[in-house]
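**Q** Predicted model and sequence below, questions to follow.
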Amino acid sequence: MAKFIFVTGGVVSGLGKGVTAASLARLLKARGYRVTLQKFDPYFNVDTSNLSPYQHGEVYVTEDGGEVDLVVGHYERLLGENLGIKNDVTSGQIYSSVIAKERDGYYNGSTVQVVPHITNEIKERIYSLDTPDSDIVITEIGGTVGDIECHPFLEAIRQFKSEAGKGNVLYIHVTLVPYIEMSGEQKTKPTQHSVKELQNVGIQPDIIVCRSDYPIGADSKRKLGLFCNVETDCIIQNLTTDNIFNIPLALEEDGLARAAVRKLRLEDRAPDLDSWKYFCERAEKVRSGGDKVRIGLVGKYVELHDAYVSLTEALEHSGVATGVGVEIVWISSEKMTRATVSRLLSLDGIVIPAGFGERGFEGKINTARFARENDIPALMIGMGAQAGLVEFARSCGMDKADSTEFDRKTPYPVVYSPYDEPRFRCGAYQAIVKNGTMLHDIYGADTISERHRHKYEFNPEFFKQLEKSGLVFSVKAQSGKLCEGYELPDRKFFIGVMYRPEFKSRPDDPHPLITAFVSACKNK
């Protein structure tokens with residue numbers, strides 16, 4: 001049976017429970033344990049597919065096609081393992097499942113209630129990750145203790161300890177320890193109140209992780225230990241940083257993993273963090289160095305940077321790998337008209353990311369045209385690649401070329417849906433890379449697997465005509481019917497791909513396509 005760790009949050013939201021959970025997972029993995037992570041979100045959306053990026057940031061996609069919370073991306077990047085649709089659970093899924101079971105007569109006429117039916121459903125989702133491949137399951141409870149929508153999850157994990165047994169369950173509470181500048185004091189009272197709120201539902205935290213802008217003093221640790229009934233060495237500081245990659249090492253230094261394995265009655269093996277330390281050292285060197293590239297991210301949701309968090313982190317991973325700092329210049333695609341697009345000339349490279357909807361699409365087309373005509377390295381992803389293809393088609397005499405998503409009557413539907421009704425291609429698919437192309441050189445492989453999230457495809461009806469003008473369709477789906485990527489060989493870097501390479505980038509294993517792009521920007 002696996003060991004179970006539950007991570008809750010208190011005082012305020014946004015303290016970094018997900019990064020804390022993922023960092024602990026990395027530290028336990030470094031000790032040789034097989035670890036998986038799970039997120040419970042209290043909102044009633046069934047998944048993140050219909051959530052606005054302005055409200056919730058990006059929709060992250062797993063290998064098995066799950067559309068999940070962006071924190072799962074942090075899990076994968078910090079843990080270095082692929083997760084799946086079962087690793088992200090919402091209240092919408094829980095209640096939908098219980099209601100469906102009731103309609104099917106599953107409960108034999110019982111009155112369906114939060115306890116035990118909802119809480120049992122929650123526990124089933126946790127137990128589903130107790131497999132031979134997992135020694136430890138870490139589950140993060142979204143929201144803040146005291147929120148009304150969190151209560152069923154807290155009740156479920158409270159029950160867990162009596163079922164799994166002492167020594168098999170660990171509770172970690174992430175809180176805020178503010179510093180009052182006027183008096184020069186750290187205040188532990190908010191954490192004390194948060195822990196009492198947790199105790200009121202029957203959960204006694206074993207470890208408290210304190211977010212703070214300043215080191216947690218010995219007096220503060222003693223006070224927290226006394227009033228929260230937690231051992232002093234289980235009060236762990238998590239200092240504010242602008243580099244999340246350093247967090248696992250900082251938490252290791254303060255003893256989080258040592259406390260966790262002791263509480264779970266596991267062997268505290270020496271951690272192997274060499275590759276992570278090497279990455280962090282290189283990242284620090286790049287940050288302090290003067291060698292930088294300015295990359296314009298021309299997107300629809302640039303007001304909320306979390307809408308592109310996987311992409312910006314992937315660019316940073318590749319920047320570290322190539323020894324160059326990456327400065328992101330955020331540019332609204334709606335503002336990229338023919339008159340304003342010249343501002344892109346000062347950039348070392350341009351990324352046109354994925355997105356949905358017509359708003360800003362013409363701006364992406366104008367951006368792709370400017371990058372192609374001025375030979376600025378350009379990486380176009382998803383809808384960005386669709387915009388690049390429409391632009392190239394228009395430059396080849398197909399003046400009214402468009403996507404059928406926006407113009408069903410276009411005479412040149414270079415982007416279309418091969419189905420009667422557009423359907424999502426979501427998750428990992430294998431593809432074949434054409435020999436002798438730039439993309440083949442980048443991957444160094446004939447076959448690749450990449451994650452997708454899109455409805456429309458490149459139209460093969462126009463491939464020959466576009467290839468006569470110099471475009472090369474270099475990646476095709478294994479079926480041979482769909483195209484995954486194209487390139488212009490006579491440019492420094494002009495590549496469009498339908499898939500989402502950013503979802504497979506890891507700090508110590510950056511994505512080769514994004515690394516090649518950053519390298520091209522560096523050598524512009």
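**A** Perfect, I can see it now. Since this is a predicted model, take the numbers as computed values, not measurements. Numbers count the residues shown, from 1 in each chain.
**Q** Would you map the strands across the stretch 151-300 of the chain?
**A** Taking DSSP state E, counting those that start in this stretch as the criterion, the stretch 151-300 of the chain carries its strands at 169-176, 179-180, 185-186, 207-212, 235-239, 292-299.
**Q** now those in a markdown table, with mean neighbour count and distance to E284?
**A** Bear in mind the C-beta positions are built from the backbone N, C-alpha and C, glycine included. Listed next are those as a markdown table, based on neighbours: other Cβ atoms under 10 Å; distance: least, Cβ to Cβ, whole Å:
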| stretch | mean neighbour count | distance to E284 |
| --- | --- | --- |
| strand 169-176 | 24 | 25 |
| strand 179-180 | 10 | 25 |
| strand 185-186 | 16 | 27 |
| strand 207-212 | 24 | 22 |
| strand 235-239 | 22 | 16 |
| strand 292-299 | 22 | 15 |
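**Q** any chance of those strands in CSV, plus mean pLDDT and distance to A250?
**A** Shown next, in CSV, are the strands of the stretch 151-300 of the chain (pLDDT from 0 to 100; distance: least, Cβ to Cβ, whole Å):
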stretch, mean pLDDT, distance to A250
strand 169-176, 97, 14
strand 179-180, 84, 18
strand 185-186, 85, 18
strand 207-212, 96, 11
strand 235-239, 95, 7
strand 292-299, 96, 25
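**Q** Take those strands and write them to TSV, including distance to K223.
**A** Shown next, in TSV, are the strands of the stretch 151-300 of the chain (distance: least, Cβ to Cβ, whole Å):
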stretch	distance to K223
strand 169-176	13
strand 179-180	15
strand 185-186	9
strand 207-212	11
strand 235-239	9
strand 292-299	44
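**Q** With respect to E467, which of those lies nearest?
**A** strand 292-299 (26.2 Å; Cβ to Cβ).
**Q** Describe which strands the closest one pairs with in its sheet and in which direction.
**A** Strand 292-299 has its sheet partners listed here by DSSP bridges as strand 325-332 (parallel), strand 349-352 (parallel).
**Q** just so I know, which of these lies nearest R343?
**A** Of those, nearest to R343 by Cβ to Cβ is strand 325-332, at 7.9 Å.
**Q** Pick out the residue closest to the middle of the protein.
**A** G73 (2.4 Å; Cα atoms, centre = their mean).
**Q** Find the nearest non-adjacent residue to that one, please.
**A** Leaving out its chain neighbours, the residue that sits closest to G73 by Cβ to Cβ, 6 or more residues apart in numbering is Y60, at 4.3 Å.
**Q** correct me, but the one you found touches F503?
**A** Yes: between Y60 and F503 there is a contact under Cβ atoms under 8 Å: 6.8 Å.
**Q** okay, and the common contacts of the two?
**A** G73, S310 (Cβ atoms under 8 Å, 6 or more residues apart in numbering).
**Q** Show the contacting residues for the residue nearest to G73.
**A** Counting by Cβ under 8 Å, 6+ apart, Y60 touches T48, E67, V68, D69, L70, V72, G73, S310, F503.
**Q** Tell me the one among those nearest to G202.
**A** D69 (26.6 Å).
**Q** I'd like to know how far that closest one sits from L466.
**A** 38 Å (Cβ to Cβ, to the nearest Å).
**Q** and F473, bridged to which residues?
**A** Y486.
**Q** Just confirm it contacts C483, I think it does.
**A** Yes: F473 is within contact range of C483, at 4.9 Å (criterion: Cβ under 8 Å).
**Q** Touching both of the two, which residues are there?
**A** F458, F463.
**Q** For the stretch 1-150 of the chain, just list every one of the strands.
**A** Going by DSSP E, counting those that start in this stretch, the stretch 1-150 of the chain shows strands at 3-9, 35-41, 60-61, 67-68, 88-90, 136-141.
**Q** Just the pLDDT at Q55, thanks.
**A** Looking at Q55, its pLDDT is 81.
**Q** G146 now?
**A** We have a pLDDT of 88 for G146.
**Q** How about the one 5 residues further on?
**A** Note for H151: predicted pLDDT of 94.
**Q** cool, and V112?
**A** So, for V112, pLDDT stands at 95.
**Q** hang on, it packs against Y95?
**A** No: here V112 lies out of contact with Y95, judged by Cβ under 8 Å, at a distance of 10.1 Å.
**Q** contacting residues for G184?
**A** So, once contact is read as Cβ under 8 Å, 6+ apart, G184 ends up touching nothing.
**Q** same thing but at 10 Å, please
**A** Y214 (Cβ atoms under 10 Å, 6 or more residues apart in numbering).
**Q** Output the contacts of Y60 in JSON lines; the columns should cover distance to Y301.
**A** Listed next are the contacts of Y60 as JSON lines, based on distance: Cβ to Cβ, whole Å:
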{"residue": "T48", "distance to Y301": "14"}
{"residue": "E67", "distance to Y301": "16"}
{"residue": "V68", "distance to Y301": "18"}
{"residue": "D69", "distance to Y301": "16"}
{"residue": "L70", "distance to Y301": "13"}
{"residue": "V72", "distance to Y301": "19"}
{"residue": "G73", "distance to Y301": "16"}
{"residue": "S310", "distance to Y301": "13"}
{"residue": "F503", "distance to Y301": "17"}
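**Q** So which of those residues wins on neighbours?
**A** D69 (29 neighbours; other Cβ atoms under 10 Å).
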